[in-house]
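Colleague: Would you be able to build a 3D model of this:
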Amino acid sequence: MNAGSASSDAPQLSWGAAWTIARRDLNARFKGLRLLLVCIFLGTAALAAIGTLTAAIEGELGSRGQVLLGGDLEVEVWQRDLAPEEKAALAEYGELSGGTRMQAMANTGEVAAPVGLKAVADNWPLYGEFTLKDGRKAGAPKAGEAWLQQGVVDRLGIAVGDRFKIGTSELVAAGIIDNEPDKLSEGFQLGSTIIVAESLPAVAGLTAPGALYESKYRVRFNGGEEPSLIAEQLEEQFPEAGLDFKTRDRASPGADRFVGRMSEFLTLVGLAALVIAGIGIGGGVSSYLEARRTSIATLKVLGASSRDISRIYALQIGAAALVGAVAGLIVGVGVTPFLGMALQGLLPVEGGFVLDASALLLAAGFGLLVALVFAATPIIRARSYPAMALMRARSAPLSKDKAAWPWVGGGLLAIVALVLITSNNPPLAGGFLAGAAALLILLAGLGKAITWAARKIPSPTNPLIRNALANIHRPGSSTSALVTALGFGLSAFVLLAAIQSSINGNIDSSVPREAPDYFVLDIPRERLGEFEALVAQTDPDAMIRAVPALRGAILAYGKEDAMIRVSELEEIPDGAWPLRGERGLSYADDLPEGNALTDGIWWSADYSGEPLVSVDEEFAEAIDLEVGDYLTVGILGVERTARVASLRTLEWENMSFNFVLVFSPNALADAPHNLTATIDLTEGTQTGGLLQSMVREFPSSSAIEIGQVLEQAKIILGQVGLATFAAASVAVLAGLAVLLGAIAAARAARMYDTVVLRVLGASRRQILTMQLAEYGLLALVLAIVSLGIGTGLAWLVITQLFEFDWLPDWGAIFAVLGLGLGLVMAFALGGSLPLLNAKPARALREL
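Modeller: All right, here's what the predicted structure looks like:
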């Protein structure tokens with residue numbers, strides 16, 4: 001029998017006996033395996049929190065769809081009530097509940113405030129419970145009464161029982177809203193909500209012809225009808241009516257999209273954290289087994305087989321991975337209530353602990369599979385060599401062992417399968433995995449390239465730099481591992497900075513430098529002069545821009561003899577969102593401010609020929625519409641066709657009027673409509689008197705304060721930014737752990753070099769300078785690579801996943817990258833100092 005290896009016929013240790021040996025050798029504080037434990041903990045905690053929160057939100061959207069929508073089916077239409085035949089068609093399926101939504105002004109005679117007016121029928125809500133803050137359960141308010149959100153009460157300075165006016169009607173504040181069950185499906189709203197009886201808008205003079213309001217009807221089905229099928233039947237029955245539909249399955253499409261996008265992003269962040277952590281796991285396991293080299297050799301000399309070695313150390317590493325995964329699951333579940341509280345009001349999620357077995361099992365599965373993939377190679381390498389090879393491992397490093405490939409390959413296939421099977425967007429997940437693999441290959445190739453370049457570069461005259469370069473390409477160097485770890489770690493820093501700064505840039509760009517102070521809706525056309533005079537009383541220098549405002553649906557488009565009917569399209573083309581439902585329309589003599597023609601010509605001010613229309617260039621490209629084609633819209637049940645005279649670009653960021661379709665005046669001027677205006681006041685103008693005057697003189701008009709709108713937009717974008725920052729920070733923490741692990745793993749290998757150099761007379765300062773020079777050279781090269789990788793990934797997240805503009809702050813990105821480089825050098829210094837204190841005689845005896 002060879003003294004350096006166990007006989008293949010030696011009896012195998014049972015799993016129980018192997019665990020006994022593993023447990024005795026395993027430090028209670030997991031000394032040597034803490035990096036593995038931390039990496040698994042971070043990735044698993046992130047995935048557990050993301051999975052449980054997403055499951056909770058999707059569960060609420062799915063199980064409470066009827067409550068969130070307020071019915072099984074909702075039908076919406078602008079600027080008119082449903083026709084009798086449309087109501088009759090809906091009533092065939094069950095109980096019908098109608099109402100109106102619009103902007104309005106509430107006032108007390110001294111204070112005025114813009115509000116979102118919600119008029120509901122007597123049988124509202126069809127599903128769920130509406131409650132007031134005094135504990136009462138209620139339904140629609142009585143005529144002459146109103147339920148108010150706290151924000152309106154505070155703004156008007158009134159209390160329950162006080163009186164106020166909307167339009168020409170006086171109301172009593174009968175209660176303060178506590179829980180509005182269908183709030184989420186109402187979408188983004190300008191101003192706090194006031195709920196009134198269904199008849200109030202008409203009685204208050206708010207629904208005169210041309211007024212901007214939305215009629216909503218909800219149906220509670222009698223039987224088990226499928227809402228989507230009913231919606232399709234109604235669309236076929238009334239193809240040109242301009243009806244929009246929502247179903248209980250998608251009570252809030254905006255929330256569905258937001259949850260889906262955030263879930264995809266956060267899941268990718270969790271997987272990225274695990275991939276980055278995997279690099280640290282591989283380095284940590286290698287470092288741990290290197291420290292156990294003598295123990296492994298001793299066990300082999302005493303007769304332990306290779307299988308025994310693999311069992312013992314696989315159990316140790318498995319125990320550490322399991323502890324890290326369990327701790328990650330506990331923390332992931334523990335932070336979910338705080339995430340839920342942060343999102344209350346924005347998404348349907350309740351506070352409290354959420355346990356979703358599938359999400360937790362998936363998180364644990366990913367964590368343990370990543371541990372298997374990255375730990376298999378060092379475990380199998382250590383078990384496959386005879387004791388004497390292990391004894392010589394520091395001076396003669398072990399070569400790679402192909403026996404690990406089946407384990408690594410099997411683990412990778414399991415990870416890929418699990419990701420694709422559980423992903424809501426397999427192409428996106430597959431692209432991420434392909435990108436991660438490409439990045440690993442790129443960094444591995446870069447490591448070899450750096451090693452080759454360091455070998456080929458002419459030797460510098462400075463001995464310290466010469467030795468630093470030699471360390472990069474010498475046999476047994478850790479250059480490849482350091483390049484992979486530093487590349488992923490620094491890329492995580494750049495990714496976080498680029499995403500966060502770009503989101504902040506979008507927030508800043510959403511607040512224009514020159515935004516009007518007010519939008520005013522429903523100004524009667526014949527009273528524009530009176531309106532301008534009223535504003536001039538408050539501010540003679542105020543800038544007023546008024547435009548006609550109508551609502552209509554695009555019904556057909558294309559060549560005059562072959563127009564495409566929108567109702568016959570199987571699906572809406574990408575980017576053709578104006579084809580969905582009714583949109584804002586206008587007409588003008590002159591090209592709107594901020595628009596620029598890209599094709600065609602604008603009509604003259606006194607044009608009276610064939611009706612013309614100017615179309616947004618991006619929309620025209622989406623539907624292949626050209627100058628000379630025709631477009632038909634439906635306005636209040638009347639079809640109007642116009643020839644496309646020009647294409648133009650719009651400035652959506654300037655908070656001015658931007659209409660996808662602008663017609664020549666002779667195309668729409670005869671349709672019932674009012675005007676919408678912007679008011680830009682001179683700085684320092686007091687607005688309280690202006691609002692009161694507008695409410696008094698124009699009771700059917702409503703003013704929207706732009707400052708409040710922008711603040712709401714900033715809050716929403718800020719919440720998105722906070723979520724992405726918190727999520728991406730997990731990847732950065734994993735990157736930090738990897739950097740620490742790589743330097744710690746390299747420290748053991750450098751012990752021999754340091755001791756030899758000290759014996760040969762090198763000073764502490766010279767040794768420290770050499771090591772810092774080595775890390776500095778690697779870090780500078782990888783900083784350039786990481787800048788490209790991190791910004792590229794951030795661009796994909798911002799533009800493709802979130803569909804935001806790419807607005808990074810390069811100064812912040814370079815500052816964060818510099819911080820990452822500083823941390824690398826600090827970690828390198830921290831890892832090198834203990835080596836300088838090693839006793840040469842003792843260290844040489846241990847080699």
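
Colleague: Bridged to residue 634, which residues?
Modeller: According to DSSP bridges, residue 553, residue 639 are recorded as the beta-bridge partners of residue 634.

Colleague: go on, the one 10 residues further on?
Modeller: On the basis of DSSP bridges, residue 644 takes part in beta bridges with residue 613.

Colleague: didn't it look like it was pressed against residue 623?
Modeller: No: with contacts defined as Cβ atoms under 8 Å, residue 644 does not count as touching residue 623, sitting 10.9 Å away. From N, CA and C alone the C-beta is placed, and that goes for glycine too.

Colleague: Could you check how far the closest residue to residue 581 other than its chain neighbours is from residue 479?
Modeller: Across the structure, with Cβ to Cβ, 6 or more residues apart in numbering as the measure, the residue nearest residue 581 apart from its sequence neighbours is residue 244 (4.1 Å). Distance, residue 244 to residue 479, using Cβ to Cβ, to the nearest Å: 61 Å.

Colleague: re earlier: wait, the residue nearest to residue 581 touches residue 215, no?
Modeller: No: look at residue 244 against residue 215 with Cβ under 8 Å: they stay out of range, at 10.6 Å.

Colleague: where do the contact lists of the two overlap?
Modeller: Common neighbours of residue 244 and residue 215, counting by Cβ atoms under 8 Å, 6 or more residues apart in numbering, are 76-77.

Colleague: burial count for residue 607?
Modeller: 16 (other Cβ atoms under 10 Å).

Colleague: Give me the phi and psi for it.
Modeller: Summarising the backbone geometry of residue 607 under the convention degrees, to the nearest 10, its torsions are phi -60, psi 140.

Colleague: who's in contact with residue 319?
Modeller: The contact partners of residue 319, taken as Cβ under 8 Å, 6+ apart, are 22, 26.

Colleague: quick one: which helix or strand includes it?
Modeller: helix 306-343 (DSSP states H and E).

Colleague: roughly how far apart are residue 238 and residue 634?
Modeller: 11 Å.

Colleague: cool, and residue 69?
Modeller: Taken as Cβ to Cβ, the span from residue 69 to residue 634 is 26 Å.

Colleague: Also residue 365?
Modeller: 53 Å.

Colleague: And residue 245, by the same measure?
Modeller: Distance, residue 245 to residue 634, by Cβ to Cβ: 16 Å.

Colleague: For stretch 589-607, what is the spacing between the initial and final residues?
Modeller: 8 Å (Cα to Cα, to the nearest Å).

Colleague: Residue 642: what's it in contact with?
Modeller: Applying Cβ under 8 Å, 6+ apart as the definition, the contact partners of residue 642 turn out to be 610-613, 630-633, 663-664, 667.

Colleague: Of those, which is the nearest to residue 604?
Modeller: residue 664 (9.4 Å; Cβ to Cβ).

Colleague: Go ahead and confirm the closest one touches residue 602.
Modeller: No: here residue 664 does not reach residue 602: they are 9.2 Å apart, not a contact under Cβ under 8 Å.

Colleague: Mind checking which of these two has more residues around it?
Modeller: Using other Cβ under 10 Å, the more surrounded residue of residue 664 and residue 602 is residue 664, with 24 against 19.

Colleague: Could you give the number of residues near the nearest residue to the more buried one once chain neighbours are set aside?
Modeller: With Cβ to Cβ, 6+ apart as the measure, residue 612 is the residue that lies nearest to residue 664, at 4.2 Å, once sequence neighbours are left out. A count of nearby residues for residue 612, using other Cβ under 10 Å, gives 22.

Colleague: could you list every residue that touches residue 612?
Modeller: 603, 642-645, 663-664, 667.

Colleague: For residue 195, state which of those residues is nearest.
Modeller: The shortest gap between residue 195 and any of the contacts of residue 612 belongs to residue 663, at 36.2 Å (Cβ to Cβ).

Colleague: Not counting its neighbours along the chain, what's nearest the closest one?
Modeller: residue 587 (4.3 Å).

Colleague: what sits against the one you found?
Modeller: Counting by Cβ under 8 Å, 6+ apart, residue 587 has contacts 548, 662-665, 667-669.

Colleague: Mind doing that once more with 10 Å?
Modeller: With contacts defined as Cβ atoms under 10 Å, 6 or more residues apart in numbering, residue 587 is in contact with 547-548, 550, 611-614, 642, 659, 661-669, 671, 673.

Colleague: what about residue 170, how many neighbours?
Modeller: Applying other Cβ under 10 Å, we find 11 residues neighbouring residue 170.

Colleague: Doesn't residue 193 lie inside a strand?
Modeller: Yes: secondary structure of residue 193 (DSSP: H, G, I helix; E, B strand; the rest coil): part of a strand.

Colleague: got a pLDDT number for it?
Modeller: Listed pLDDT for residue 193 reads 90.

Colleague: got it, and residue 494?
Modeller: If you check residue 494, the pLDDT there is 86.

Colleague: Among the contacts of residue 587, which are located in strands?
Modeller: Where the contacts of residue 587 overlap with strands, as defined by DSSP state E, the overlap consists of 547-548, 550, 612-614, 642, 661-663.

Colleague: related to what we said a few turns ago, residue 244 and residue 479: who's more crowded?
Modeller: The neighbour comparison of residue 244 against residue 479 (other Cβ under 10 Å) goes to residue 479, with 20 against 17.

Colleague: Give the full set of residues in contact with the more buried one.
Modeller: Taking Cβ under 10 Å, 6+ apart as the test, what residue 479 contacts is 446-448, 450-451, 454, 471-473, 746, 774, 778.

Colleague: Let me see the confidence value for residue 524.
Modeller: Per the predicted model, pLDDT is 89 at residue 524.

Colleague: How about it: what's its closest non-neighbour residue?
Modeller: Distance criterion Cβ to Cβ, 6+ apart; nearest residue to residue 524, sequence neighbours excluded, is residue 674 at 5.9 Å.

Colleague: my guess is that neighbour meets residue 523, correct?
Modeller: Yes: A contact is recorded between residue 674 and residue 523 when judged using Cβ atoms under 10 Å, the distance being 5.8 Å.

Colleague: joint contacts of the two?
Modeller: Taking Cβ under 10 Å, 6+ apart as the contact rule, residue 674 and residue 523 both touch 546, 549, 700-701.

Colleague: Adding neighbour count, write those residues out as TSV.
Modeller: As requested, the shared contacts of residue 674 and residue 523 are exported to TSV (neighbours: other Cβ atoms under 10 Å):
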residue	neighbour count
546	18
549	21
700	20
701	25
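
Colleague: buried ones in the strand or helix carrying residue 196?
Modeller: Here residue 196 is covered by strand 192-197, with elements defined by DSSP H and E. Within strand 192-197, the residues that qualify as buried are 192-197, counting by 16 or more other Cβ atoms under 10 Å.

Colleague: Name the helix or strand of the protein that has the lowest mean pLDDT.
Modeller: Least confident helix or strand of the chain, by mean pLDDT, DSSP states H and E, is helix 387-391 with a mean of 59.

Colleague: okay, and for the stretch 101-250 of the chain, where does confidence drop off?
Modeller: Segments of the stretch 101-250 of the chain classed as low confidence (criterion: pLDDT under 70) are 187-190, 250.
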